[in-house]
Structure formats: structure tokens, C-alpha cells
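Engineer: When you get a sec, could you give me coordinates for this:
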Amino acid sequence: MGVLVVEDDPLAAEAHGRYVDRVPGFAVRGTAHSGAEAQRLLEQRPVDLLLLDLYLPDGHGLRLVRSLRAAGHGADVIAVTSARDLAVVREGVSLGVVQYVLKPFTFATLRDRLVRYAEFRGAVGEAG
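Structural biologist: Below you'll find the predicted structure:
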């Protein structure tokens, strides 16, 4: 599955990308450091999943998700955040955020989320 890493911190983005690439069945298809850059990349090469930091220099990650949904992009989203704000979680779920990962996280945490996501996608595919 193709993944777009959206993270404004270059070191964190690189680490997240390395984590993703270590999980069988997942490959980073691009890295964006802002919401605008993520939108441009998605127009050039659609992906299956966004690993999305919610706090970007040009706006909140959920605003990006809302914009992508309005434009017809159906990529799933795993939100990466340091916030534990229930209102943000509820809004994310309503926009189709499939999981949350709290910063800082380890490779094992992200691997487990990606494996669960792949199982979820497989179950949805079988039901559809």
C-alpha cells in the first residue's frame, strides 16, 4: 500500500518514512511538509494512506482531510498527534480518520497500527 507521510518536522518525517518502509506491504510514495505540498503530491500520485501530522505550518491536518474529501480523494488517514483532544478525535472520525498515533511513538506502535489497518482494509474488501 502506498503511503504519503505528511509531517512538518523533517527529522520526524524521515523517521516515520523509515518506519513505514519496514512494514511488509507498505511503501512510502512521498513526503510532504505542509498541507499544500500534500495536496500537490496527491494530485500527481494518489496513495492508499496518509500518515498525517495534525499540526502543519499552513493549517490543521483535519482541514486538509476535509479539503481532500471535498475534492474526491478517498485515501485513508492515520492521524499523528501529540494532542489528546476528544473534539479533534470526534471530528477526525467523522472525516474518515481510521486510527490515531500519539507522538512520540516507536516503530512497534506504528507497525501495529499499520498491520491493524491492513487487516481492516482486507476485511472491508472481503465484505464489499
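Engineer: what helices or strands is the longest helix seen in the chain leaning on?
Structural biologist: Identified as the longest helix of the chain according to DSSP state H is helix 107-127. Here helix 107-127 touches helix 10-21, strand 76-81, strand 97-102, going by 3 or more Cβ pairs under 8 Å, 6 or more residues apart in numbering; DSSP states H and E. The way it works is simple: take the backbone N, C-alpha and C, and place the C-beta from them, glycine included.
Engineer: List the contacts of it.
Structural biologist: 1, 16, 19-20, 22-23, 25-26, 48-49, 76, 78, 98-99, 101 (Cβ atoms under 8 Å, 6 or more residues apart in numbering).
Engineer: Please apply the same query to stretch 46-55.
Structural biologist: Contacts for stretch 46-55 (Cβ under 8 Å, 6+ apart): 1-9, 12, 16, 20, 26, 29-30, 38, 60-62, 64-65, 73, 75-83, 88, 92, 117, 121.
Engineer: Buried ones only from these, please, as a ChimeraX command.
Structural biologist: Listed next is the ChimeraX selection for buried residues among the contacts of stretch 46-55, using 16 or more other Cβ atoms under 10 Å:
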select :1,3,4,5,6,7,8,16,20,26,29,30,38,61,62,64,65,73,75,76,77,78,79,80,81,88,92,117,121
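Engineer: do you know how far the nearest residue to Ala36 once chain neighbours are set aside is from Pro46?
Structural biologist: Of all residues not flanking Ala36 in the chain, Asp58 sits nearest, at 5.6 Å (Cβ to Cβ, 6 or more residues apart in numbering). According to Cβ to Cβ, to the nearest Å, Asp58 and Pro46 sit 21 Å apart.
Engineer: How about Gly59?
Structural biologist: If you go by Cβ to Cβ, the gap between Gly59 and Pro46 works out to 21 Å.
Engineer: show me where pLDDT drops low in the protein?
Structural biologist: 124-128 (pLDDT under 70).
Engineer: 90 - rerun?
Structural biologist: Scanning the chain for pLDDT under 90 picks out 46, 74, 81-96, 102-104, 120-128.
Engineer: helix/strand/coil for the residue nearest to the spatial centre of the chain?
Structural biologist: Nearest residue to the geometric centre of the chain (Cα atoms, centre = their mean): Leu51, 2.2 Å. With DSSP: H, G, I helix; E, B strand; the rest coil as the basis, the three-state label of Leu51 is strand.
Engineer: Having no further points to raise, I will conclude here.
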